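Sequence first, then the predicted structure, then my questions.
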Amino acid sequence: MTPAPTRSADHLTLALPKGRILEDAIALLSQAGLPLTMPEKSRALRHEFPGVTILELRNQDVPIYVDLGVADAGIVGKDVLIESGRTVYEPVDLKFAGCRLSLIREVGATGEITRVGTKYPRAARAYLHSRGITAETVKLSGNIELACLTGLADAVVDLVQTGGTLKANNLEEVEVLFHSTARLIVNRAALKVRAARLRPLIENLRTLTAQ
Ligand SMILES: Nc1ncnc2c1ncn2[C@@H]1O[C@H](COP(=O)(O)OP(=O)(O)OP(=O)(O)O)[C@@H](O)[C@H]1O
Ligand SMILES: O=P(O)(O)OC[C@H]1O[C@H](OP(=O)(O)OP(=O)(O)O)[C@H](O)[C@@H]1O
């Protein structure tokens, strides 16, 4: 393992997820005063800007990079943060990427739930336990709703935003587990070492999102 270069206290390393959050995250961080632009499409995974390095990650890896201090801060959906089980400092609700995690079944399904497909096994298990439902949870990676349509599962736990995917596949929301938006997360040690960079960033983001 190549040792990480020593980073000066005035340099910020941020973990951002590729995918639907990236563009809004870059736009909001720019409004908050960081000199960022949307990275050009390329295979580069690390993007350098004056005083800021952006690490482009999978959603699930953002809390890990921040918790372990490789990134000083990051932006990630509350859904992914809850599922990660990591207790990082979460100072700002950024109020975009709004959606909800829900229990979903085929329209009119009433039979017993014995198997649930989901990308969120931790949240799904906690929910099923809280409802006294003894069901197997199967971890899936995408197009989760298909598990219901094919009989792989009697229900799925997945994200809903417009409801368009449910409607197009004859599915319905049975219950909302929780609502989610994008969050700023911060490494607690970095907050001390890089206070001069992180405190104004947090304040600016709070003002921009009116908290
Ligand atoms: N339909 C949606 N509308 C609004 N926000 C959403 C929607 N789907 C997901 N999100 C939010 O955006 C985040 C990122 O979603 P995105 O679709 O980029 O992830 P993904 O590509 O499915 O994840 P992975 O990294 O597992 O491939 C989610 O964690 C959630 O907080
Ligand atoms: O209510 P809607 O507006 O239709 O949005 C919900 C859909 O969006 C997400 O899927 P995504 O497009 O990220 O694909 P994925 O299944 O591969 O995660 C989510 O998993 C739902 O399938």
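That came through fine. Just so it is clear, the structure is predicted and the values come from calculations on it, not from any experiment. Residues are numbered from 1 along each chain as shown. Ligands and ions are numbered 1, 2, ... in the order given.

can we go C-alpha only for contacts and neighbour counts from here?
Will do.

quick one: Asp10 is in a helix?
No - counting by DSSP: H, G, I helix; E, B strand; the rest coil, one finds Asp10 to be coil, located in no helix.

How many neighbouring residues does it have?
Close neighbours of Asp10, defined as other Cα atoms under 10 Å, add up to 13.

For the residue nearest the centre of the chain, give me its contacts.
The centroid of the chain falls nearest to Gly77 when counting by Cα atoms, centre = their mean (2.6 Å). Gly77 makes contact with Asn59, Ala97, Ser180, Thr181, Ala182, Arg183, according to Cα atoms under 8 Å, 6 or more residues apart in numbering.

can you list contacts of the lengthiest helix in the chain?
Counting residues, the longest helix found in the chain (DSSP state H) is helix 195-208. Here helix 195-208 makes contact (Cα under 8 Å, 6+ apart) with Asp10, His11, Leu12, Leu28, Leu29, Gln31, Ala32, Gly33, Pro91, Val92, Leu94, Leu191.

So which of the residues you listed sit within strands?
Residues of the contacts of helix 195-208 located in strands (DSSP state E): Leu12, Pro91, Val92.

which residues touch stretch 104-118?
124, 133-141, 144, 147-149, 152-158, 170-175.

where are the low-confidence patches of the chain?
1-6, 211 (pLDDT under 70).

How about the residues of it by ligand 1?
19-21, 58-59, 77, 79-80, 97-99, 159, 161, 181 (Cα under 6 Å from any ligand atom).

rerun that using 5 Å as the cut-off
Residues of the chain found near ligand 1 (Cα under 5 Å from any ligand atom) are Gly19, Arg20, Arg58, Asn59, Gly77, Ala97, Gln161.

and the lengthiest strand in the chain, does that touch ligand 2?
The single longest strand within the chain, with elements called by DSSP E, is strand 171-180. No - residues of strand 171-180 are not located near ligand 2 by Cα under 5 Å from any ligand atom, the shortest gap being 10.2 Å.
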